[in-house]
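Chemist: the amino acid sequence is not available; the structure is as follows:
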């Protein structure tokens, strides 16, 4: 009898997937399909939970099958990170439209990303204080226990590493190993190697232009193929979101969500506050923030739904160039760097809030100036190399907490609400990258203000070949 229920659930799931596919054939916009998948997935999962209970064998066995779609989608997104980051940065050098002043542009991009993540950490600290989260008592269920055990390997890689050791580990020693993501800092190592290769290309272009031209064509060709692969994977987003939300809603304890409601509210308060700071920076640059919001909404919707800054990269760069007036070179650099450096939500707000919450449990007052300054510094440095896919916030939190000798178990205790917060964090990450692109382009005079002010010049999701 149990197997029949499992078959019924899987059949219903496949029927919903068929409905999404039918909508695609009828040219329903990508954004609408993703949003619908998000809502339907949650509703479907809650119905299963109320019908069978979170710990039933029916739910467990059904989730295993549905998880093939959800976890498979996440795995494909993770697979794209290294080639996407490597060739996006390298192409920024080889593209003929790229400005020669990479030193200034790259320095400004990194400076804005690190600066905004430091501001985000400050916002996270004070948000935790406003909502009095310090020393918050969290319960540990079966899922949380498994999450804590699952973080052991990542923690062992980071354990006993001082900050100088952490910085040293970011310098690539074996690029082929780093391309496999073998180390926690592999992503930033790939970024560094990409920059070195790009600088080498610029030197060759000055002295041996013919060889540089051949290499540039090869990079452009490979980048085109990589972007096509990204497009193919992103077409699976509605189905991946449907599966992820259905599984999470079916297996999550509603009571846990209610108990952690204050943390969820505090997180969204901090995320919204930081987004307002992005708008303030846009206003300080002499641009209309309302125009910015209207033009980036499609990008934020996709980032929110997919929980992947890396997956949003193509749409991010295209929106910067076609809708916000950022030059191609600046958009390529700011987009690619923002996937791995200075993510305001995942690497800024989240680890800062967790540090404040857990500090009192070891007798530390989290609101002393010395603790706050140290935490902001650690967050800023630790933001380098955080992968732009779901789960990046967990890795960032592990780096910060372990570096400051704070208990890391809290990372596992929040696993139940991780997806709910991570969606908004990812949208903030992407906004931070686009804000960085605009500010950098404005300062270096690489911003076409006529494109920015053209209210009709917007990039919609369905225009992105998804």
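Modeler: Received, thanks. Values in this document were obtained by computation on a predicted structure and should not be read as measured data. Numbers count the residues shown, from 1 in each chain.
Chemist: what's the pLDDT at residue 124?
Modeler: Listed pLDDT for residue 124 reads 95.
Chemist: and residue 380, how close does it get to residue 429?
Modeler: 15 Å (C-beta to C-beta, to the nearest Å). Bear in mind the C-beta positions are built from the backbone N, C-alpha and C, glycine included.
Chemist: more neighbours: which of the two?
Modeler: residue 429 (30 against 21; other C-beta atoms under 10 Å).
Chemist: verify the stated contact: the more buried one with residue 309.
Modeler: Yes. Using C-beta atoms under 8 Å, residue 429 is in contact with residue 309, at 4.7 Å.
Chemist: shared neighbours of those two, which are they?
Modeler: Listed contacts common to residue 429 and residue 309 are 303, 338, 343, 346, 388; contacts here mean C-beta atoms under 8 Å, 6 or more residues apart in numbering.
Chemist: and which of those residues is nearest to residue 53?
Modeler: Nearest to residue 53, judged by C-beta to C-beta, of the shared contacts of residue 429 and residue 309 is residue 346 at 32.4 Å.
Chemist: I'd say that closest one and residue 398 touch.
Modeler: No. In this structure, residue 346 is not within contact of residue 398 by C-beta under 8 Å, at 11.9 Å.
Chemist: those two: who's more crowded?
Modeler: Legend: neighbour count by other C-beta under 10 Å for residue 346 and residue 398, higher for residue 346 (31 against 22).
Chemist: give the buried residues for the helix or strand hosting residue 35.
Modeler: Residue 35 belongs to helix 30-52 when assigned by DSSP states H and E. Applying a neighbour-count criterion of 16 or more other C-beta atoms under 10 Å, one finds 30-31, 33-38, 40-42, 44-46, 48-49, 52 buried in helix 30-52.
Chemist: show me what it is packed up against.
Modeler: Secondary-structure packing of helix 30-52 (3 or more C-beta pairs under 8 Å, 6 or more residues apart in numbering; DSSP states H and E): helix 2-25, helix 57-94, helix 237-251, helix 289-306.
Chemist: pretty sure residue 237 contacts residue 35?
Modeler: No. Residue 237 is beyond contact range of residue 35, at 10.9 Å (criterion: C-beta under 8 Å).
Chemist: what touches both of those two?
Modeler: With C-beta under 8 Å, 6+ apart, residue 237 and residue 35 have common neighbours residue 305.
Chemist: next, residue 133: phi, psi?
Modeler: Note on residue 133: backbone dihedrals following degrees, to the nearest 10 are phi -90, psi -10.
Chemist: check it and give its pLDDT.
Modeler: pLDDT, residue 133: 84.
Chemist: show me what contacts it?
Modeler: 262-263, 266, 353, 356-357.
Chemist: try 6 Å this time
Modeler: Residues counted as contacts of residue 133 (C-beta atoms under 6 Å, 6 or more residues apart in numbering) are 266, 357.
Chemist: for stretch 281-289, measure first residue to last.
Modeler: 9 Å (C-alpha to C-alpha, to the nearest Å).
Chemist: element containing residue 177, please.
Modeler: helix 175-179.
Chemist: list the helices and strands that helix packs on?
Modeler: If you count contacts as 3 or more C-beta pairs under 6 Å, 6 or more residues apart in numbering; DSSP states H and E, helix 175-179 packs onto helix 186-207.
Chemist: output the contacting helices and strands for the helix it packs on.
Modeler: Counting contacts by 3+ C-beta pairs under 6 Å, 6+ apart, helix 186-207 packs against helix 57-94, helix 175-179, helix 209-234.
Chemist: and the angle from the last one to helix 289-306?
Modeler: Okay, so that is helix 209-234. For helix 209-234 against helix 289-306, the angle by axes from the mean of the first three to the mean of the last three C-alpha atoms, to 10 degrees is 70 degrees.
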